[in-house]
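1. give the three-dimensional model of this entry:
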Amino acid sequence: MDVMPKPEILDPQGQAVAGALARLGVAGVGDVRQGKHFVLEVDDSVDDETLDRVAATLLANPVIEDWVVTRA
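-> Here you go, the predicted model:
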C-alpha cells in the first residue's frame, strides 16, 4: 500500500530531497514527492474493501493523503 500527499498539498520532505539532488549535481529531476509504503501480509479472506478501510482509518490521513492498494 502506498500513501502519498495529495497533489495540492505541499510536500516539504520531497522539496528537501529535490534541493539535495540539485546540490549534488543531479540534473533532470523535476519534482520529488515523498510518501509511505506499507507491506501487509494478509490471507485471502481479507478483501480490498477491508484494506481500503485500514488505509482510510489507520495508515493515511484522508484529508491530505491518497493511497493505492496493490496485491502482489
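
2. so which bits of the longest helix seen in the chain are buried?
-> Counting residues, the longest helix in the chain under DSSP state H turns out to be helix 12-23. Neighbour counts over helix 12-23 (16 or more other Cβ atoms under 10 Å) mark 14, 17-18 as buried. C-beta: built from backbone N, CA, C; applies to glycine.

3. what does stretch 43-54 give?
-> 51, 54.

4. ok, stretch 65-72 next?
-> Result for stretch 65-72 [16+ other Cβ under 10 Å]: buried residues 65, 67.

5. tell me the confidence at Ala55?
-> Looking at Ala55, its pLDDT reads 96.

6. quick one, what contacts it?
-> Contacts for Ala55 were tallied using Cβ atoms under 8 Å, 6 or more residues apart in numbering; they are 1, 3, 67, 69.

7. the same query, at a cut-off of 6 Å, please.
-> Residues counted as contacts of Ala55 (Cβ atoms under 6 Å, 6 or more residues apart in numbering) are 1, 67.

8. that'll do, ta.
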